[in-house]
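S.K.: got a predicted model here, sequence first, then my questions.
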Amino acid sequence: QSALTQPASVSGSPGQSITISCTGTSSDVGGFDLVSWYQKHPGKAPKVIIYEVTKRPSGISDRFSGSKSGNTASLTISGLQAEDEADYYCCSYAVSNTPVIFGGGTKLTVL
Amino acid sequence: EVQLVESGGGLVKPGGSLRLSCEASGFSFSTYSMNWVRQAPGKGLEWISSISRSSGDIFYADLVKGRFTISRDNPKNSLFLHMESLRAEDTAIYFCARDVYCPSTTCLAWGMDVWGQGTTVTVSS
């Protein structure tokens, strides 16, 4: 099973909004509401910021939001802050020999 | 405090074996399904394996099927990953991660809400 497709990098200025896409197929992203997003700073453990497409864990800022349309899920970060600079990964259930797949990751740079 | 602490990583020769452990604290371990996820140097996250609350459902990534075995000991609040026939490409930081609570017996890909800091496995001669 191939990894989900994410842009390698995105950037934005403080206060702006950015969106990271995560494209799969009807056998993964499009077929199930089981998409999650993780933030990872270098040397730190990943942190879930969105699960089940749109749900935000307690303690996660409402600047982070998730959505899905067809085979593409999206993570939107509004009001960009310097501390948002990190790698972001999407993850989905897949009808496959490998039932949980991650995207390749997107490096967010806050200019 | 809800916490996961991995141990057992190290340097191993190609073809060798290693057993990773993950000790849970601060929550009812037997209530949650658990995962192992790894990150190779300079690469992205890669899901490896998942085990349900009672060990009744176990899943593996194709890349490790037949070589890795996940298990858990609920009374000891511990998760394990036994790795055999290790290859250079298994070199990575290995994280254990808790699934979000779900009402099903298996919470595969619902989301992983608690992560350990990881343990490093290096496969090299």
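M.R.: Yep, that arrived.
S.K.: quick one: contacts for residue 89?
M.R.: No chain was given, so I picked chain A. Residues in contact with A:Tyr89 (Cβ atoms under 8 Å, 6 or more residues apart in numbering or on different chains) are A:Gln6, A:Trp37, A:Tyr38, A:Lys40, A:Pro46, A:Phe102, A:Gly103, A:Gly105, A:Thr106, B:Gly44, B:Leu45. From N, CA and C alone the C-beta is placed, and that goes for glycine too.
S.K.: oops, wrong one, chain B.
M.R.: If a contact means Cβ under 8 Å, 6+ apart, then B:Glu89 has B:Ala40, B:Val123 as its contacts.
S.K.: does it belong to a helix, a strand or coil?
M.R.: Three-state secondary structure (criterion: DSSP: H, G, I helix; E, B strand; the rest coil) places B:Glu89 in helix.
S.K.: please, where are all the strands along chain B?
M.R.: B:3-7, B:10-12, B:18-25, B:34-39, B:45-51, B:58-60, B:68-73, B:78-83, B:92-99, B:112-115, B:119-123 (DSSP state E).
S.K.: next, count neighbours for A:Pro46.
M.R.: Using other Cβ atoms under 10 Å in any protein chain shown, the number of residues around A:Pro46 comes to 24.
S.K.: what sits opposite the residue most central in space within chain B in the beta ladder?
M.R.: For chain B, the residue nearest the mean C-alpha position is B:Trp36 (2.4 Å; Cα atoms, centre = their mean). When assigned by DSSP bridges, B:Trp36 has beta-bridge partners B:Ser49, B:Cys96.
S.K.: can you pull the contacts of it?
M.R.: Residues in contact with B:Trp36 (Cβ under 8 Å, 6+ apart) are B:20, B:22, B:47-50, B:68, B:70, B:79, B:81, B:94-97.
S.K.: show the pLDDT at the closest residue to A:Ser78 other than its chain neighbours.
M.R.: Taking Cβ to Cβ, 6 or more residues apart in numbering or on different chains, and ignoring the residues beside it in sequence, A:Ser78 has A:Ser17 as its nearest neighbour in space, at 4.3 Å. Per-residue pLDDT puts A:Ser17 at 97.
S.K.: what does A:Val10 give?
M.R.: According to the predicted model, the pLDDT of A:Val10 comes to 98.
S.K.: show me the beta-bridge partners of it.
M.R.: Beta bridges link A:Val10 to A:Leu108, judged by DSSP bridges.
S.K.: surely it meets A:Val110?
M.R.: No - here A:Val10 does not reach A:Val110: they are 10.1 Å apart, not a contact under Cβ atoms under 8 Å.
S.K.: does the closest residue to chain B within chain A have any beta-bridge partners, and if so which?
M.R.: Of the residues in chain A, the one nearest chain B is A:Tyr51, at a distance of 2.7 Å by Cβ to the nearest Cβ. Residues in a beta bridge with A:Tyr51, per DSSP bridges, are A:Lys55.
S.K.: dump the residue contacts of the closest residue to A:Tyr88 other than its chain neighbours.
M.R.: Spatial nearest neighbour of A:Tyr88, excluding adjacent residues (Cβ to Cβ, 6+ apart): A:Thr106 at 4.9 Å. Shown here is A:Thr106, whose contacts under the criterion Cβ under 8 Å, 6+ apart are A:Gln6, A:Pro7, A:Ala8, A:Ser9, A:Val10, A:Ile20, A:Asp87, A:Tyr88, A:Tyr89.
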